[in-house]
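Participant: quick one: sequence plus predicted model below, questions after.
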Amino acid sequence: MEKLKMAVSRISSIPPRLWLTNLSASELSLIPLLSLVSSLYSAAVRLRHYLYILGVLRKHRLPVPVISVGNLTWGGNGKTPMVEFLARAFADDGISPLILTRGYGGADEAKMLQRQLQGTSAKVGVGANRAAIASRFLERYGCAAFNGATDRPFTGTKSESLSTPSQIGVAILDDGMQHLSIQRDLEIVMVNALMPWGNHHLLPLGPLREPLTALGRANIVVIHHADLIPEEDVDALESTILQVQESVPIFHTKMAPINFFSCQDTARKMPLNAVAATVFLCLSGIGSADSFIKRIERLGPAHVDRLDFSDHHKFQLKDIEMVQARLRALESKFGTKPIVIVTEKDYDRSPEAFEYLKPYEVLAVCCRLQVLRHNGTTEDTFKKIIKLHLCQSGRVFHGVVTNDDNGGQRLASPCVHVTSFEGQRRAVHRRRSDFGLSPAATCVTPLKVVLPRFTLARILQN
């Protein structure tokens, strides 16, 4: 099965015009079947969207603002690091986030988020039915929302909302773009700069979950690993995105290594320069192994070897034996004991597996997502646009939602609920003035706030 997954992954990464010259006979034999399944998948995607549009399939609305972090392709796009970045930012400002994740592949990403956010007010809900999971958490903890006019998320100062630390103020959907059953107030789409669209085909022939036209739903697009490709390739990628949605804000991010920790003694942390000029064997089962390797190579090792497995791969005994054989070969070749380097995600998926690699040392590299400065955009700009979208959602309010005596929910203090055309107009103008934006361009229709999409240039002026 692992060989089949790797073969499909290889097909998805190679343009069709190069298939005959770059694929093996066994890989080429898979293409007719993959093409058929891809066509069926495409029809299913379109049908599912129409059912949601027609209201046949129901969308759930949570009582707190919802941010979706998703992508158009499988794996390696930086969704989970972005979720961790957002959750930490909200928690640091006194707004308790609820992360909703499916828990695919042994829930490795959920375990990683729980470990990384330990000690914060962030909560992680795991399960395929995220609406039900959210309901249980909201019933248990209650919910509160920050007020866009007075509270300042992402400013480094605690929010002055009426909530207690445990009450949930915002929900974050990990891998949420295709999870249409929950309505969202902000759609962040992550794009892997190293392989943005693969061979441009839908699953399973290609890596696309949806056609590129789905970028039209994005409020923000983030080009991840932007520092690992040439500037002209970044510009070309931005051009492709803007052809679909000409005014969407685009940001660049990277994964910044911080330190190592020992997988055999997690309390032992090591600085990045402690293993310089060492022989590394990089072992990974992630969606973008190339980005992992490129980052490790920048740390200055003497030599880097690699063993790649499919995304979410859980290491088995035969895999460990393969790794041990490769380590012995490296030790014989270089005359020094090599070190195994893994990602945090690999550690959280299979922590017990690395015990079998003793006496060789196994280190996990800790990385954090960073927003890059590019064409005037910064991390502050990114956070400012997120707050602006949440305030434009019309659902940011004063007060706390608590459980009533009848098992339902009630508002414990006054809220800004816009129920009239004039009320909408005043509320939207007030929010726009909070950001130094003129209210003149605001377009309002009865019972629905319609705001023009802002260009980055205008945001940066304020």
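Facilitator: Received the coordinates, thanks.

Participant: now residue 317: how far from residue 310?
Facilitator: Residue 317 sits 17 Å away from residue 310, going by CB to CB, to the nearest Å. Every residue, glycine included, has its C-beta placed from N, CA and C.

Participant: cool, and residue 57?
Facilitator: 31 Å.

Participant: the more surrounded of those two?
Facilitator: Counted by other CB atoms under 10 Å, residue 57 and residue 310 do not tie: residue 310 has more neighbours, with 19 against 13.

Participant: skipping its backbone neighbours, what lies nearest that one in space?
Facilitator: In space, and not counting its chain neighbours, residue 310 is closest to residue 5: 3.9 Å by CB to CB, 6 or more residues apart in numbering.

Participant: residues of the one helix or strand that neighbour maps to that come out buried?
Facilitator: Taking DSSP states H and E as the criterion, residue 5 maps to helix 2-13. Buried residues in helix 2-13, counted by 16 or more other CB atoms under 10 Å: 7, 8, 9, 11, 12.

Participant: next one: stretch 324-340
Facilitator: Residues of stretch 324-340 classed as buried by neighbour count (16+ other CB under 10 Å): 326, 327, 330, 338, 339, 340.

Participant: pick out the most distant pair among the residues you listed.
Facilitator: 326 and 339 (12.6 Å; CB to CB).

Participant: who touches both of those two?
Facilitator: Common contact partners of residue 326 and residue 339 (CB atoms under 8 Å, 6 or more residues apart in numbering): residue 281.

Participant: tell me where this structure has helices.
Facilitator: 2-13, 19-22, 25-54, 79-92, 104-116, 130-141, 231-244, 289-297, 317-334, 344-349, 379-392, 421-434, 456-460 (DSSP state H).

Participant: any chance of the ones you listed in CSV, with distance to residue 180 and mean pLDDT too?
Facilitator: Shown next, in CSV, are the helices of the chain (distance: least, CB to CB, whole Å; pLDDT from 0 to 100):
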stretch, distance to residue 180, mean pLDDT
helix 2-13, 24, 93
helix 19-22, 33, 96
helix 25-54, 5, 97
helix 79-92, 16, 97
helix 104-116, 17, 87
helix 130-141, 11, 96
helix 231-244, 19, 97
helix 289-297, 28, 96
helix 317-334, 36, 97
helix 344-349, 26, 95
helix 379-392, 19, 91
helix 421-434, 26, 37
helix 456-460, 28, 45
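
Participant: redo these as TSV? Include distance to residue 192.
Facilitator: What follows is the helices of the chain, written out as TSV (distance: least, CB to CB, whole Å):
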stretch	distance to residue 192
helix 2-13	11
helix 19-22	20
helix 25-54	20
helix 79-92	10
helix 104-116	16
helix 130-141	24
helix 231-244	10
helix 289-297	8
helix 317-334	25
helix 344-349	15
helix 379-392	18
helix 421-434	34
helix 456-460	22
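
Participant: out of those, which comes closest to residue 188?
Facilitator: Residue 188 sits nearest to helix 79-92 of all the helices of the chain, at 6.6 Å, using CB to CB.

Participant: buried residues, that closest one. List them.
Facilitator: 79-92.

Participant: same question for stretch 272-285.
Facilitator: For stretch 272-285, burial by neighbour count (16+ other CB under 10 Å) applies to 275, 278, 279, 280, 281, 282, 283, 284, 285.

Participant: do the same with stretch 195-205
Facilitator: Within stretch 195-205, the residues that count as buried by 16+ other CB under 10 Å are 195, 196, 197, 198, 199, 201, 202, 203, 204, 205.

Participant: which residues does residue 81 contact?
Facilitator: 253, 255, 367, 368, 369.

Participant: return the set of residues that bridge with the first one.
Facilitator: Bridge pairing for residue 253 (DSSP bridges) gives the partners residue 224, residue 371.

Participant: contact partners for it?
Facilitator: Residue 253 makes contact with 78, 81, 82, 222, 223, 224, 225, 226, 369, 370, 371, 372, according to CB under 8 Å, 6+ apart.

Participant: in TSV, list those along with distance to residue 22.
Facilitator: Shown next, in TSV, are the contacts of residue 253 (distance: CB to CB, whole Å):
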residue	distance to residue 22
78	27
81	31
82	32
222	30
223	26
224	25
225	23
226	26
369	32
370	34
371	35
372	32
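
Participant: between those residues, which is nearest residue 361?
Facilitator: Using CB to CB, the contacts of residue 253 come closest to residue 361 at residue 81, 25.0 Å.

Participant: from what I see, residue 188 and residue 217 are in contact.
Facilitator: No - Residue 188 sits out of contact with residue 217 when judged by CB atoms under 8 Å, with a separation of 10.8 Å.
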